[in-house]
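Enquirer: kindly generate the corresponding structure for this input.
(one chain, ligands or ions: 1)
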Amino acid sequence: MSVLYLSDPARGEVFARIFADTMPDLPFHIGSAPDPAAVEYMVAWTPPADLSAYPNLRLIFSVGAGVDQFDMSALPPQVGIVRMLEPGIARQMVQMAVMATLSLHRDMPAYLDQAQRGQWQALTTRDAAQTRVGVMGLGQLGHAVLAGLAPFGFDLAGYSRSPRDIPGVDCTTDLATFLAGSDIVVCLLPLTDQTRGILDDAFFAALPDGAHLVHLGRGAQLDTDALGRALEGRLASAWLDVTDPEPLPQDHWLWSHPRVIVTPHVASQTNAAQGAAHVIAGIRADRAGQTAPGLVDRDRGY
Ligand code: NAP
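Expert: Got it, this is the predicted structure:
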């Protein structure tokens, strides 16, 4: 039995040290394994296209929170995919979501634009209690972000596939109702066949006048042309941490739009040491016959 690590080598050294300390009997290889048949666990962003050399592979651990980079249909059916759940991911996401939501709520794009011209001009503030913030996706990150936003006094709502109950949050599975009641909408959905392109013309048309978008999910969920049309109409501003493509080309219109803030997919980054601890917990669970924390439902796609 062994572990094969196939991602950034410097971070792999951190993993290797923690594995050596914590599971010294389990061989941990970076880049390649001397005996591929012994590999039961893999740590990767994307696995090799051909996994036939690893007949005893049980679990592939993603080094990132999302698993949309995996072609699930191409993976052998017995191989489980585990998403990265190290706690720092949620903490960083809360910081980013709160920063972006407050920035749009407090007209930061307009002030950055005015600053280009040295223009000192106050805009009218709005009360947080009169501002409805809706979070799309009520998983571990959506939950954490709602808890992070709560102290600011926003009127909070949440949207998910299956019914959720979060104290102080108006949860719904009805997208039209949710969008009509969101002055600021924060997207934290996983990228699946159902959510690809979900931020389209119909999405923007369903938002109230003067709404704002904070997009922290995946770039391919946003129809960028539809965003452009919405910005010419009723959408006030957008903060995009994810784009399609990534990196966003230097001459893309999004960079210079006065009411759009782009950050280069930096909301959360996996901490290598905590990531290793998450993988070790998953391997231990699997060896004990239990489900590894973060095991993905391959049919659902997340
Ligand atoms: P998660 O725990 O799997 O939660 C996903 C949530 O989305 C669940 O509430 C789920 O509904 C809901 N959902 C999925 N498909 C849906 C659909 N078609 N319609 C409505 N709701 C749907 O995921 P997470 O850990 O919170 O992460 C969410 C995503 O954030 C990741 O997949 C990744 O793409 C993104 N992310 C971005 C960054 C960044 O740096 N920008 C960093 C980390 C993660 P149910 O509750 O009914 O299952």
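Enquirer: burial of the single nearest residue of the chain relative to the ligand, as a residue count?
Expert: For the chain, the residue closest to the ligand is Gly139, as judged by Cβ to the nearest ligand atom, at 1.7 Å. Where you see a C-beta, it was placed from the backbone N, CA and C, and this is true even at glycine. Per other Cβ atoms under 10 Å, the neighbour tally for Gly139 reads 17.
Enquirer: which bits of the stretch 201-302 of the chain sit near the ligand?
Expert: 216-218, 241-242, 265, 267-268, 302 (Cβ under 6 Å from any ligand atom).
Enquirer: go again using 5 Å as the cut-off
Expert: With Cβ under 5 Å from any ligand atom as the criterion, the stretch 201-302 of the chain meets the ligand at residues 216-218, 241, 267-268, 302.
Enquirer: list just the nearest of those residues to Gly282.
Expert: Closest to Gly282 out of these is Tyr302 (16.8 Å), distances taken as Cβ to Cβ.
Enquirer: got the contact list for the closest one?
Expert: For Tyr302, the contact set (Cβ atoms under 8 Å, 6 or more residues apart in numbering) comprises 67-68, 83, 139, 190, 192, 296.
Enquirer: adding secondary structure as columns, could you present these in CSV?
Expert: Below are these laid out as CSV (DSSP: H, G, I helix; E, B strand; the rest coil):
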residue, secondary structure
Val67, coil
Asp68, coil
Arg83, coil
Gly139, coil
Pro190, coil
Thr192, coil
Val296, coil
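Enquirer: what subset of the residues of the stretch 201-302 of the chain next to the ligand is buried?
Expert: Neighbour counting by 16 or more other Cβ atoms under 10 Å classes 216-218, 241, 267-268, 302 among these as buried.
Enquirer: got the phi and psi for the residue of the chain closest to the ligand?
Expert: Here is the backbone geometry of Gly139 (degrees, to the nearest 10): phi -90, psi -150.
Enquirer: I'd like the residues of the stretch 201-302 of the chain next to the ligand as JSON lines, with secondary structure appended.
Expert: Converted to JSON lines, those look like this (three-state DSSP):
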{"residue": "Leu216", "secondary structure": "coil"}
{"residue": "Gly217", "secondary structure": "coil"}
{"residue": "Arg218", "secondary structure": "coil"}
{"residue": "Asp241", "secondary structure": "coil"}
{"residue": "Ala267", "secondary structure": "coil"}
{"residue": "Ser268", "secondary structure": "coil"}
{"residue": "Tyr302", "secondary structure": "coil"}
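Enquirer: centroid-nearest residue for this structure?
Expert: By Cα atoms, centre = their mean, the chain has its centre lying nearest to Gly217, at 4.3 Å.
Enquirer: so where do the strands sit in the stretch 1-150 of the chain?
Expert: 2-5, 28-30, 39-44, 59-62, 80-82, 132-136 (DSSP state E, counting those that start in this stretch).
Enquirer: shaky segments in the chain?
Expert: The model of the chain has no residue with pLDDT under 70.
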